[in-house]
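Engineer: here's a sequence, model it:
(4 chains)
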Number of protein chains: 2
Amino acid sequence: MLEGTELARVIKSPEVRSAELLDCAQRLFFQRGYDDTTVNDIIREAGLSKGAFYHYFASKEALLEALAARIARESLAELEPMLEDTSLDAIGRLNALFSGSQRLNVELAPQLRKTFAVVFRPENVVLFHRIDEVARELALPMIARLLRKGSEEGAFEVPDPIAFADMLLQIRLIFRDVMHRALRQAEGGDLEEAAHMLEERLRIYGIAVDRLLKLPDGTIEAVEPGFGRAFLGAQS
Amino acid sequence: MLEGTELARVIKSPEVRSAELLDCAQRLFFQRGYDDTTVNDIIREAGLSKGAFYHYFASKEALLEALAARIARESLAELEPMLEDTSLDAIGRLNALFSGSQRLNVELAPQLRKTFAVVFRPENVVLFHRIDEVARELALPMIARLLRKGSEEGAFEVPDPIAFADMLLQIRLIFRDVMHRALRQAEGGDLEEAAHMLEERLRIYGIAVDRLLKLPDGTIEAVEPGFGRAFLGAQS
DNA sequence: AGCATTAGACCGACCGTCGGTCTATAATAT
DNA sequence: ATATTATAGACCGACGGTCGGTCTAATGCT
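Structural biologist: Next up is the predicted model:
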């Protein structure tokens, strides 16, 4: 009697349970950051006990690892079609990737904003880094293969596909800070300038990629016009 | 009576105390990482009490902040002379910076190794990121000024000095992973291959900088020959 | 079919440790 | 003498993690 807060014993399949735990963890980590989310927060939201949690994950750290892997895999699954798109040549595929005709277009901007706004917050460096680590490991061979292919076809000129792929993956991380700055500035009311800065940075980024691949400046287009406003002005 | 372990009440000047605390914190953070170093570890080693610690720093986090700032300032003080070296032209200064004649040379390799080996360890991401944040903020305007100057003098071609400086500072971070991989491989016995990989990566990095600035490949020299072996083979 | 056994999903009280607070007090400055 | 600053260390609540044990559904056995 009275035991209002007691947890009922509900049994679910391991797949469902661990997926639920990952879902909750993702939501909470993104909201508050990894350090500021407690295991108790997670189990409260997921509706199970401490014991059950540690039945599924050896530690809070292991949960982070698993989450990073899941997010990285999902993100890369989205990108893979562009890399393998046989209707495009090497430059076309890079354009799709590094801009891209799919990810950074105006329609998707609102969703992107929601994701980026949290991942880029400074308290989430650890989370971000863990995701990026896995994502990079998965993406590196794909990008390298594309660079080698494009290089062999004479589309561009890359002395060391793996090293260059690695650098391209590194340089894109500039947008963790750039996006964060832009979002903060936009929140502060200066949407126009923030949007302009962001688009300019994307344009410059495209030029950087061009130069790294010995393409003429402007070959890779990293922004659609209006992206900045669409992204920053999107309703939260 | 018996109080054998009791701390004597020792009074020192605030500057000395906080410097001592920073020294201890630096040593411990680098050894074990930020999270795995406790405030008790620090005060035990520094030989003072909890109360005294919190008299000097508002939190463990504040200590990290202060340490990151100190390290970043010190590192940049080393670099500044090269940036302002009036005996060199813009390319010469960049060469000194991004390679360079001072930092990546063979004589200094052993010391570099000690520093890098710890900062690059994965458990130190937070520490690394905090240091880099401050270092970047300090370095950005200097690099940007150099790029603008070199651009105006026609030494190279940079459409947006600040954005490009930002990207150059970003892309150098590739060496957190590269160095870490090389160190691990060298520890594993394969020193020759590790050294070769490291030097190749530095060479490619130099080419990347060349291309970003529209210089002919090979203008910027990011390694001295033999650096890899000197760095990786240095006695720990 | 009916019963015994077992694997493993689940519970929550409990533990040690951590960052941080607080009160007391010794040293120094005024 | 008094105020201020610099210490000391007992103490606190919250945290990640452990542990002994419970419950259930499937499996094997008669």
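
Engineer: what is the biggest helix by length in chain A packed up against?
Structural biologist: Ordering each helix of chain A by length in residues (DSSP state H) puts helix A:125-152 first. Contacting helix A:125-152 under the criterion 3 or more CB pairs under 8 Å, 6 or more residues apart in numbering or on different chains; DSSP states H and E are the following elements: helix A:60-83, helix A:90-97, helix A:109-119, helix A:161-171, helix B:125-152. In this view, the C-beta of every residue, glycine as well, is placed from N, C-alpha and C.

Engineer: any buried residues in the helix or strand of chain A at the bottom of the mean pLDDT ranking, and which?
Structural biologist: Taking mean pLDDT, DSSP states H and E as the measure, the helix or strand of chain A with the lowest value is helix A:109-119, at a mean of 81. Neighbour-count burial for helix A:109-119, with 16 or more other CB atoms under 10 Å in any protein chain shown as criterion, is recorded at A:109, A:112-113, A:116-119.

Engineer: what parts of chain A come near DNA strand D?
Structural biologist: Taking CB under 7 Å from any atom of the strand as the measure of proximity, chain A contacts DNA strand D at A:9, A:11, A:37-40, A:50-51, A:54, A:58-61.

Engineer: so residue A:215 sits right up against residue A:91, yeah?
Structural biologist: Yes - Residue A:215 is in contact with residue A:91 according to CB atoms under 8 Å; the separation is 7.3 Å.

Engineer: what's the overlap in contacts for the two?
Structural biologist: Common neighbours of residue A:215 and residue A:91 (criterion: CB atoms under 8 Å, 6 or more residues apart in numbering or on different chains): residue A:156.

Engineer: which residue is nearest the middle of chain A?
Structural biologist: With distances taken as CA atoms, centre = their mean, the residue of chain A nearest its centroid is residue A:75 (6.5 Å).

Engineer: excluding its backbone neighbours, what's nearest that residue?
Structural biologist: In space, and not counting its chain neighbours, residue A:75 is closest to residue A:135: 6.0 Å by CB to CB, 6 or more residues apart in numbering or on different chains.

Engineer: is it true that that neighbour touches residue A:72?
Structural biologist: Yes - Residue A:135 lies in contact with residue A:72 (CB under 8 Å); the separation is 4.0 Å.

Engineer: who touches residue A:190 in this structure?
Structural biologist: Shown in contact with residue A:190 (CB under 8 Å, 6+ apart): no residues.

Engineer: give me the phi and psi for it.
Structural biologist: The phi and psi values for residue A:190, taken as degrees, to the nearest 10, are phi -90, psi 60.

Engineer: before we move on, what about residue A:159?
Structural biologist: phi -70, psi -30.

Engineer: and residue A:135, how far is that from DNA strand D?
Structural biologist: Remark: distance between residue A:135 and DNA strand D (CB to the nearest atom of the strand, to the nearest Å) = 24 Å.

Engineer: so residue A:36 is in which element?
Structural biologist: When secondary structure is defined by DSSP states H and E, residue A:36 falls outside every helix and strand.

Engineer: look at it and report its pLDDT.
Structural biologist: Per-residue confidence for residue A:36 comes out at a pLDDT of 93.

Engineer: now it, nearest residue through space, not along the chain?
Structural biologist: residue A:123 (6.8 Å).

Engineer: same question, residue A:124
Structural biologist: Spatially, and ignoring its direct neighbours in sequence, residue A:124 is nearest to residue A:33 (5.0 Å; CB to CB, 6+ apart).

Engineer: what's the burial count for the one you found?
Structural biologist: Around residue A:33 sit 17 other residues, with neighbours defined as other CB atoms under 10 Å in any protein chain shown.

Engineer: I'd assumed residue A:127 was in contact with it.
Structural biologist: Yes - under the contact definition of CB under 8 Å, residue A:33 touches residue A:127, with a separation of 6.9 Å.

Engineer: list the contacts of the closest residue to DNA strand C within chain A.
Structural biologist: Nearest to DNA strand C, among the residues of chain A, is residue A:51, at 2.1 Å (CB to the nearest atom of the strand). With CB under 8 Å, 6+ apart as the criterion, no residue contacts residue A:51.

Engineer: what helix or strand is it on?
Structural biologist: Using DSSP H and E, residue A:51 falls in helix A:50-56.

Engineer: dump the C-alpha coordinates for that helix into PDB.
Structural biologist: Written as PDB, here are the backbone C-alpha positions of helix A:50-56 (Å, rounded to 0.1, in the frame of the first residue of the first chain):
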ATOM      1  CA  LYS A  50      19.800   0.600 -11.200                       C
ATOM      2  CA  GLY A  51      20.400  -3.100 -11.300                       C
ATOM      3  CA  ALA A  52      18.700  -3.400 -14.700                       C
ATOM      4  CA  PHE A  53      20.800  -0.600 -16.100                       C
ATOM      5  CA  TYR A  54      24.000  -2.200 -15.000                       C
ATOM      6  CA  HIS A  55      22.700  -5.500 -16.400                       C
ATOM      7  CA  TYR A  56      22.800  -3.900 -19.900                       C
END
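
Engineer: quick revisit: list the buried residues of the longest helix of chain A.
Structural biologist: The neighbour-count criterion (16+ other CB under 10 Å) identifies A:125-136, A:138-140, A:142-144, A:146-148, A:150-151 as the buried residues of helix A:125-152.

Engineer: mean confidence score for it?
Structural biologist: With pLDDT averaged residue by residue, helix A:125-152 scores 94.

Engineer: what's the angle from that helix to helix A:60-83?
Structural biologist: Computed with axes from the mean of the first three to the mean of the last three CA atoms, to 10 degrees, the direction of helix A:125-152 lies at 30 degrees from that of helix A:60-83.

Engineer: next one: helix A:125-152 to chain centre, how far?
Structural biologist: For helix A:125-152, the distance between its averaged C-alpha position and the chain's averaged C-alpha position is 12 Å (CA atoms, centre = their mean, to the nearest Å).

Engineer: same check on stretch A:15-29?
Structural biologist: Here the centre of mass of C-alpha atoms in stretch A:15-29, compared against the chain's by CA atoms, centre = their mean, lies 18 Å away.

Engineer: also stretch A:202-216?
Structural biologist: Relative to its parent chain, stretch A:202-216 has a centroid offset of 21 Å by CA atoms, centre = their mean.

Engineer: show residues contacting it.
Structural biologist: If you take CB under 8 Å, 6+ apart as the criterion, stretch A:202-216 is touched by A:91, A:94, A:98-99, A:104, A:147, A:150, A:156-158, A:164, A:167-168, A:171-172, A:174-175, A:217-223, A:227-228, B:159-160, B:163-164, B:167, B:208, B:211-212, B:214.

Engineer: one more: stretch A:25-41?
Structural biologist: Taking CB under 8 Å, 6+ apart as the criterion, the residues outside stretch A:25-41 that touch it are A:42, A:45, A:50, A:53, A:60, A:63-64, A:67, A:71, A:118-119, A:121, A:123-124, A:126-127.

Engineer: please write out the alpha-carbon positions of that stretch in PDB.
Structural biologist: Backbone C-alpha positions of stretch A:25-41 (Å, rounded to 0.1, in the frame of the first residue of the first chain) are rendered in PDB as follows:
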ATOM      1  CA  ALA A  25      20.600   8.700 -22.800                       C
ATOM      2  CA  GLN A  26      20.800  10.400 -26.200                       C
ATOM      3  CA  ARG A  27      18.000  12.800 -25.200                       C
ATOM      4  CA  LEU A  28      19.400  13.600 -21.800                       C
ATOM      5  CA  PHE A  29      23.100  13.800 -22.900                       C
ATOM      6  CA  PHE A  30      22.100  16.200 -25.600                       C
ATOM      7  CA  GLN A  31      20.000  18.300 -23.300                       C
ATOM      8  CA  ARG A  32      22.400  18.500 -20.300                       C
ATOM      9  CA  GLY A  33      25.600  17.100 -21.500                       C
ATOM     10  CA  TYR A  34      27.200  13.800 -20.400                       C
ATOM     11  CA  ASP A  35      28.700  14.900 -17.100                       C
ATOM     12  CA  ASP A  36      25.500  16.600 -15.900                       C
ATOM     13  CA  THR A  37      23.300  13.600 -16.700                       C
ATOM     14  CA  THR A  38      23.300  11.000 -13.900                       C
ATOM     15  CA  VAL A  39      22.600   7.300 -14.200                       C
ATOM     16  CA  ASN A  40      19.600   7.900 -11.900                       C
ATOM     17  CA  ASP A  41      18.300  10.500 -14.400                       C
END
